[in-house]
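A.B. asks: Next one to model:
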Amino acid sequence: MFLAGAIFLVTLTLVIWQPRGIQIGTSAVAGAAAALLLGVVSFEDVVTVTAIVWDATLAFIGIILLSMVLDEIGFFEWAAVKMAKLSRGNGHLMFVNILLLGALVAAFFANDGAALILTPILLAKMRYLKMDARAIFAFLMAGGFIGDSASNPLVISNLTNIVTADFFDIGFVEYMQKMFWPNLISVAASIAVLWLFFRKSIPSRIDIQSLPEAATVIRHKKMFRISWWFLGLLLAGYFIGDRFDLPVSIFALGGALLFLLIAAKQKATKPIMTIKTAPWQVVWFSIGLYVVVFGLENAGLTETIAGWLLTLKSYGHETYIVGTGFLSAILSSFMNNMPTIMVMDLVIDKTGDEYLAYANILGCNLGPKMTPIGSLATLLWLHVLAKKGVVIGWGEYMKVGLIVTPPVLFAALLGLL
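C.D. replies: Numbers count the residues shown, from 1 in each chain. Next comes the predicted model:
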């Protein structure tokens with residue numbers, strides 16, 4: 001257990017801190033290689049892990065690629081300006097509208113898509129509107145929170161969702177039906193709690209007269225029109241794929257590459273540059289980190305945690321579900337949600353109670369908001385903001401996260417009962 005734990009901690013530290021610019025995939029693969037060479041995992045374990053995560057990882061790459069192309073044609077900027085205009089200068093209504101936009105982006109383009117693409121657009125618009133520092137902080141923190149708290153409704157909304165759905169063979173429609181109410185509650189609770197927390201920082205009126213008309217920010221009008229039809233067909237494809245038990249990556253990555261090809265033909269994007277800038281490191285990150293986590297499984301950690309869950313079960317069904325969600329949340333907050341979702345999937349498999357998978361997802365999607373290191377999306381979000389000159393300290397972040405997260409998570413978990 002000691003050796004497996006040490007390899008995991010060193011790997012996780014390298015992934016989070018990225019010393020000297022070491023990429024997350026490089027650190028994860030190095031950890032996996034160490035685990036393999038030291039006998040913590042076997043080659044058969046590596047093959048098993050690859051079979052578990054390949055679909056989720058390629059699907060995630062596809063979702064981000066699609067988001068990048070849409071961003072290049074002005075799709076998300078159009079949406080941001082549209083939502084701002086709909087507020088008619090009411091600061092509180094704009095706050096709610098921006099959170100609703102973040103929820104929609106997270107649902108269809110994943111939480112990482114919201115972090116990478118929507119955040120810089122919102123920051124630029126807030127600076128353009130000359131909002132003060134308190135208001136910008138409120139909008140940014142709330143937008144970052146909703147990106148994760150609203151990433152539950154579809155399998156494609158979060159890498160954690162795809163990994164768990166693949167692990168337990170949960171179909172697209174089955175997943176969507178089960179998570180409809182929990183996600184709706186999570187979004188509503190997030191907006192309510194965030195507004196209560198930040199209400200004094202939100203300006204009552206915002207002068208939006210200087211904002212351009214939404215139509216003027218579209219960089220390629222033909223591709224913009226095509227994108228609506230394409231997204232509708234892609235969503236239909238997910239349902240068809242579910243009917244025939246096809247991997248979600250066929251539609252997510254295949255659809256993204258097809259859309260990229262169409263955009264390139266219309267001269268709306270530079271395909272080679274787009275492909276190069278896609279987050280390919282996530283492929284090696286997912287496989288490598290899961291191999292490292294498998295070492296913890298071999299060392300008996302999952303058996304121990306499974307025992308904790310079965311103890312909770314003796315206190316009743318409600319306690320079992322809520323307790324699982326909060327355990328996943330707490331683990332995610334200090335050891336990141338990707339290793340947590342992997343560990344807890346293995347744990348839940350041992351309990352035989354697969355319905356806990358949904359509580360695990362909610363815990364791993366919401367729990368990371370308590371600390372800056374809780375999720376890859378948050379790390380990306382902080383990195384994007386730092387590049388734009390906005391540095392949010394750990395204390396500032398956790399002051400919000402530790403207060404806002406627990407009530408929202410509790411409300412979402414009640415939606416599973």
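
A.B. asks: give me the low-pLDDT residue ranges for this structure?
C.D. replies: Within the chain, the set of residues satisfying pLDDT under 70 comprises 1.

A.B. asks: Next, the residue nearest the centre of it: secondary structure please.
C.D. replies: Ranked by distance to the mean C-alpha position of the chain (CA atoms, centre = their mean), the top residue is Asn111 at 3.3 Å. In three-state terms, and counting by DSSP: H, G, I helix; E, B strand; the rest coil, Asn111 is helix.

A.B. asks: was I right about it contacting Leu380?
C.D. replies: No - with the criterion set as CB atoms under 8 Å, Asn111 and Leu380 do not qualify as a contacting pair; they are 9.3 Å apart. No exception for glycine: its C-beta is placed from N, CA and C like everyone else's.

A.B. asks: Now name the helix or strand holding the closest residue to Gly254 other than its chain neighbours.
C.D. replies: When the adjacent residues along the chain are set aside, Gly254 lies closest to Gly62, with 7.2 Å between them (CB to CB, 6 or more residues apart in numbering). Assigned by DSSP states H and E, Gly62 belongs to helix 43-72.

A.B. asks: Name the next helix or strand downstream of that helix, please.
C.D. replies: Toward the C-terminal end, the helix or strand that comes next after helix 43-72 (DSSP H and E) is helix 75-86.

A.B. asks: thinking again about what came up before, got the contact list for the residue nearest to the centre of the chain?
C.D. replies: Shown in contact with Asn111 (CB atoms under 8 Å, 6 or more residues apart in numbering): Gly147, Asp148, Ala150, Ser151, Ser157, Asn158, Asn365, Ser375, Ala377.

A.B. asks: Mind jotting down where the helices sit in the stretch 101-250 of the chain?
C.D. replies: According to DSSP state H, counting those that start in this stretch, the stretch 101-250 of the chain carries its helices in the segments 119-128, 133-149, 159-167, 172-198, 221-243, 248-265.

A.B. asks: Could you check how far Ser87 is from Val96?
C.D. replies: 8 Å (CB to CB, to the nearest Å).

A.B. asks: Let me know how buried Met338 is, in neighbour terms.
C.D. replies: Here the neighbour count serves as a burial measure; for Met338 (other CB atoms under 10 Å) it reads 26.

A.B. asks: and what of Ala359?
C.D. replies: Using other CB under 10 Å, Ala359 has 28 neighbouring residues.

A.B. asks: Next: Tyr128.
C.D. replies: Neighbourhood size, Tyr128 [other CB under 10 Å]: 11.

A.B. asks: For stretch 318-335, what is the distance to the chain centroid?
C.D. replies: Taking CA atoms, centre = their mean, to the nearest Å, one finds stretch 318-335 lying 17 Å from the centre of the chain it belongs to.

A.B. asks: same question, stretch 309-323
C.D. replies: Taking CA atoms, centre = their mean, one finds the center of stretch 309-323 at 27 Å from the center of the full chain.

A.B. asks: Tell me which residues of that stretch come out buried.
C.D. replies: Applying a neighbour-count criterion of 16 or more other CB atoms under 10 Å, the buried positions in stretch 309-323 are Leu309, Leu312, Lys313, Tyr320, Ile321, Val322, Gly323.

A.B. asks: Format the residues you listed as a markdown table; extra columns: secondary structure.
C.D. replies: Rendered in a markdown table, the data for the buried residues of stretch 309-323 read as follows (three-state DSSP):
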| residue | secondary structure |
| --- | --- |
| Leu309 | helix |
| Leu312 | helix |
| Lys313 | helix |
| Tyr320 | helix |
| Ile321 | helix |
| Val322 | helix |
| Gly323 | helix |
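
A.B. asks: Just give me the closest of those to Thr340.
C.D. replies: Ranking the buried residues of stretch 309-323 by separation from Thr340, with CB to CB as the measure, puts Leu309 on top at 13.7 Å.

A.B. asks: Quick check: the gap between the residue nearest to Ile403 when sequence neighbours are not counted and Thr164.
C.D. replies: Beyond its immediate neighbours in the sequence, the residue positioned closest to Ile403 (CB to CB, 6+ apart) is Phe197, lying 6.6 Å away. Here the distance between Phe197 and Thr164 works out to 30 Å (CB to CB).

A.B. asks: same deal with Val15?
C.D. replies: Between Val15 and Thr164 the computed distance is 20 Å (CB to CB).

A.B. asks: With Ala357 instead?
C.D. replies: 5 Å.

A.B. asks: just Trp229 next, same as before
C.D. replies: Computed with CB to CB, the distance linking Trp229 and Thr164 is 31 Å.

A.B. asks: Distance-wise, check the closest residue to Asp148 other than its chain neighbours relative to Leu379.
C.D. replies: Taking CB to CB, 6+ apart as the measure, Asp148 lies nearest to Asn111, with 5.1 Å between them; neighbours along the chain are not counted. Taking CB to CB as the measure, Asn111 and Leu379 are separated by 12 Å.

A.B. asks: Could you do Trp54 as well?
C.D. replies: The value you get for Trp54 to Leu379, if CB to CB is used, is 23 Å.

A.B. asks: When those two are compared, which one has more neighbours?
C.D. replies: Of the pair Trp54 and Leu379, Leu379 is the one with more neighbours under other CB under 10 Å, namely 21 against 16.
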